[in-house]
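*Asks:* Based on what follows, work out the 3D shape:
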Amino acid sequence: MEIKVLGTGCPNCITLEKRVQRAVKESGIIANITKIEDIEKIMEYDVMSTPALVIDEKILIKGRVPSVDEIKELLNNKVISFNRK
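*Replies:* Predicted structure coming up:
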């Protein structure tokens with residue numbers, strides 16, 4: 001699973017990155033987590049409001065910081081949908 005946290009380094013972006021790391025660890029999911037801070041690369045995702053959470057190249061959250069539980073739910077849903085294929 002590829003996870004990207006899009007954000008320029010603001011406090012909310014840092015919080016999202018920490019919550020994503022915690023959610024991945026607590027879920028036991030194997031994932032690559034990348035932080036993208038370059039505004040031009042962020043704009044390639046058509047995101048104008050950060051932070052944003054991208055899982056497997058799909059924008060799932062933008063403009064807010066979800067809870068760890070919400071992130072875990074998103075991760076688990078991705079694993080379930082992957083296993084159904």
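*Asks:* any idea which element the residue nearest in space to the middle of the chain lies in?
*Replies:* Nearest to the mean C-alpha position of the chain, by C-alpha atoms, centre = their mean, lies Leu53 at 3.0 Å. Assigned by DSSP states H and E, Leu53 falls within strand 52-55.
*Asks:* Distance-wise, check the residue nearest to the centre of the chain relative to Ile14.
*Replies:* 13 Å (C-beta to C-beta, to the nearest Å). No exception for glycine: its C-beta is placed from N, CA and C like everyone else's.
*Asks:* go on, Tyr45?
*Replies:* Applying C-beta to C-beta to Tyr45 and Ile14 gives a distance of 19 Å.
*Asks:* where does Phe82 land on pLDDT?
*Replies:* With respect to pLDDT, Phe82 has a value of 54.
*Asks:* Ok, Lys85 next?
*Replies:* The predicted local confidence for Lys85 is 51.
*Asks:* How about Asn76?
*Replies:* 89.
*Asks:* What of the one 3 residues further on?
*Replies:* Model confidence at Val79, expressed as pLDDT, equals 65.
*Asks:* Show me the shaky parts of this structure.
*Replies:* 79-85 (pLDDT under 70).
*Asks:* got the contact list for the closest residue to Asn32 other than its chain neighbours?
*Replies:* Leaving aside its sequence neighbours, Asn32 sits nearest to Glu2 (C-beta to C-beta, 6 or more residues apart in numbering; 5.4 Å). By C-beta atoms under 8 Å, 6 or more residues apart in numbering, the residues touching Glu2 are Ala31, Asn32, Thr34, Ile55, Asp56, Glu57.
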